[in-house]
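>>> what would the 3D arrangement of this be:
(one chain, ligands or ions: 1)
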Amino acid sequence: MTDYKLLNQQLLALTEGVKEPVSNLANASALLFYTLPDLNWAGFYLYKNDALLLGPFQGKHACTKIAMGKGVCGTAALQGETLVVPDVHTFPGHIACDGASNAEIVIPLYVGGTLYGVLDIDSPVYHRFTEEDRGGLEAFARTLEAVLNG
Ligand code: SME
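Take a look at the predicted model:
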């Protein structure tokens, strides 16, 4: 079980006094990837020119551009809400970047009232993300938004 309170504190400590978004997103992805068990990918897609572009991440190389409304990431971004997918093979239009992925959670990020991007986390374990993970990761995302907001 992940200690999400501690994870949040670590994010705050890592980002304290750092203004550069790329540095903070890179460290946030590494923190997630090396703290949560059973992940094969953790990172960000950033909203630009009405699409999602690959941002800092940990894991295998991934698709660089996702259209709004496409895949789990584009759907979560368009709907503006977290998507928890217990089995990605049943998600219509799922984009398979890493064949090892079987479950996924995507949380949209908002900064200054507008879409900033998404946090995307993949696992080889079906049903990997519980309600507790969703709550903890949404809290992590809210902290990150505050950091990005400066
Ligand atoms: N599976 C995602 C694409 C990104 S990779 O998982 C890193 C999707 O369907 O949007």
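
>>> hey, let's count contacts and neighbours off CA atoms from now on
Noted.

>>> longest helix anywhere in the protein?
In the chain, with assignment by DSSP state H, the single longest helix is helix 131-149.

>>> list the buried ones in that helix?
Within helix 131-149, the residues that count as buried by 16 or more other CA atoms under 10 Å are 133-134, 136-145, 147-148.

>>> near the ligand, which residues of the chain?
A62, G71, V72, C73, G74, H94, I95, A96, C97, D122 (CA under 6 Å from any ligand atom).

>>> you'd agree V84 is up against F91?
No: using CA atoms under 8 Å as the test, V84 is too far from F91 to be in contact (10.4 Å).

>>> ok, back up a step: show residues contacting the longest helix of the chain.
With contact meaning CA atoms under 8 Å, 6 or more residues apart in numbering, helix 131-149 is reached by 2, 4-5, 7-8, 11-12, 15, 19, 21, 84, 105, 107, 109-112, 119.

>>> the same query, at a cut-off of 6 Å, please.
Y4, N8, V111 (CA atoms under 6 Å, 6 or more residues apart in numbering).

>>> quick one: buried residues of the one helix or strand the second one maps to?
In other words, N8. In the assignment (DSSP states H and E), N8 maps to helix 4-15. Going by neighbour count (16+ other CA under 10 Å), the buried part of helix 4-15 is Y4, L7, N8, L11, L12, T15.

>>> how far does stretch 12-20 sit from its chain's centre?
A distance of 18 Å separates the centroid of the chain from that of stretch 12-20, by CA atoms, centre = their mean, to the nearest Å.

>>> and for that stretch, what's in contact with it?
N24.

>>> what helix or strand is the most centrally placed residue in the chain on?
The centre of the chain sits closest to L119, judged by CA atoms, centre = their mean, with a distance of 1.8 Å. Element membership for L119, per DSSP H and E: strand 114-123.

>>> give me the low-pLDDT residue ranges for the protein?
Applying pLDDT under 70 to the chain flags no residue at all.

>>> which of the contacts of helix 131-149 sits closest to T35?
Closest to T35 out of these is Y4 (9.8 Å), distances taken as CA to CA.

>>> in contact with the closest one, which residues?
G136.

>>> leaving aside the residues adjacent along the chain, what's closest to N8?
Leaving aside its chain neighbours, N8 sits nearest to F140 (5.7 Å; criterion: CA to CA, 6 or more residues apart in numbering).
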